[in-house]
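>>> Below are the sequence and a predicted model; questions follow.
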Amino acid sequence: DSGVTQTPKHLITATGQRVTLRCSPRSGDLSVYWYQQSLDQGLQFLIQYYNGEERAKGNILERFSAQQFPDLHSELNLSSLELGDSALYFCASSASAYSYEQYFGPGTRLTVT
Amino acid sequence: GQNIDQPTEMTATEGAIVQINCTYQTSGFNGLFWYQQHAGEAPTFLSYNVLDGLEEKGRFSSFLSRSKGYSYLLLKELQMKDSASYLCAVSDTGRRALTFGSGTRLQVQP
């Protein structure tokens, strides 16, 4: 158990819908990272927040957005869902703003039908 | 941009030694990481190299050559539970987020 929690574990929804994925980092960690892992793309970095502020941006679509709240939990919002958005979404946390060692949550498996 | 290459699949025998290679190209290098990921589970951190040389941690060792853009993960005394994907990832000086390779799926056979 990494100490990072993610909810929900599974999510099934239809195309065009909007969903919110939630992540709570390890106690004391200030950085949260979001990754998408699909079968054909591998693990892709989406976005990083550090202490409430956006720190780095990766291959995140405009339909996706994220935020980190004052209690340091983070949410990833996915809208206008497409079939290709079906994937495992991982959240990771680290103590500092840099990615020296990241601890991954169990992931949310999103299925878009 | 960054480019990371590692073999797609490898097979090895229980008790043996296996070396998983990773080559990378990056505009600014700030460290190389190895993660282990069992199917359907979260990646778990194995090692971090930022300077050239070998880092040893139990049955696992990781090597880095920055001038060659090359790293390897060495797994000794292989066990069946080592069957997993091994992900090579690079952190760059600019963004400092991790870019992952596609992973090497290792199958350990009896």
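In hand now; what should we look at? Numbers count the residues shown, from 1 in each chain, chains lettered A, B, ... in the order given.
>>> pLDDT weak spots in the chain?
Looking at chain A here, since you left the chain open. A:99 (pLDDT under 70).
>>> sorry, should have said chain B
Looking at chain B by pLDDT under 70, you get B:1, B:94-96.
>>> Up against chain A, what does it have?
Chain B comes close to chain A at residues B:30-31, B:33, B:40-45, B:48, B:87, B:89, B:91, B:95-103, as judged by CB under 8 Å from any CB of the partner chain. In this view, the C-beta of every residue, glycine as well, is placed from N, C-alpha and C.
>>> what residue is smack in the middle of chain A?
A:Trp34 (3.2 Å; CA atoms, centre = their mean).
>>> which ones are touching that one?
A:23, A:45-48, A:60, A:66, A:74, A:76, A:89-91 (CB atoms under 8 Å, 6 or more residues apart in numbering or on different chains).
>>> run the last query once more with 10 Å
By CB atoms under 10 Å, 6 or more residues apart in numbering or on different chains, the contact set of A:Trp34 is A:21, A:23, A:44-49, A:58, A:60, A:64, A:66, A:74-76, A:89-92.
>>> out of the residues you listed, which touch chain B?
Checking the contacts of A:Trp34 against chain B by CB under 10 Å from any CB of the partner chain, the ones in range are A:44-48, A:58, A:90-92.
>>> is it true that B:Asp82 touches B:Gly58?
No: the criterion here is CB atoms under 10 Å, and B:Asp82 misses it with B:Gly58 at 11.8 Å.
>>> wait, B:Ile4 sits on B:Asp92?
No: at 11.3 Å, B:Ile4 does not count as touching B:Asp92 under the criterion of CB under 10 Å.
>>> Compare these two and say which is more crowded by neighbours.
Taking other CB atoms under 10 Å in any protein chain shown, B:Ile4 and B:Asp92 do not tie; B:Ile4 has more neighbours (22 against 19).
>>> my hunch is that that one is in a strand, does that hold up?
Yes: applying DSSP: H, G, I helix; E, B strand; the rest coil, one finds B:Ile4 inside a strand.
>>> Tell me the buried residues within the residues of chain B next to chain A.
B:30-31, B:33, B:42-43, B:45, B:48, B:87, B:89, B:91, B:95-103 (16 or more other CB atoms under 10 Å in any protein chain shown).
>>> For chain A, which segments are assigned as strands?
A:5-7, A:10-13, A:19-24, A:31-38, A:42-50, A:53-57, A:64-68, A:74-78, A:87-94, A:103-104, A:108-112 (DSSP state E).
>>> so what secondary structure elements neighbour the fifth one?
Judged by 3 or more CB pairs under 10 Å, 6 or more residues apart in numbering or on different chains; DSSP states H and E, the packing partners of strand A:42-50 are strand A:31-38, strand A:53-57, strand A:64-68, strand A:74-78, strand A:87-94, strand B:84-92, strand B:98-100.
>>> tilt between the longest one and strand A:42-50?
Looking back up the chat, that one is strand B:84-92. Inter-element angle recorded for strand B:84-92 and strand A:42-50: 50 degrees (by axes from the mean of the first three to the mean of the last three CA atoms, to 10 degrees).
>>> tell me which parts of chain A are close to chain B?
For chain A, the contact set with chain B under CB under 10 Å from any CB comprises A:1-2, A:4, A:6, A:31, A:33, A:35, A:37, A:40-48, A:55-59, A:88, A:90-92, A:94, A:96-107, A:109.
>>> do that again at 6 Å, thanks
Those residues of chain A that sit near chain B, judged by CB under 6 Å from any CB of the partner chain, are A:42-43, A:45, A:48, A:56, A:58, A:98-99, A:101, A:104, A:106-107.
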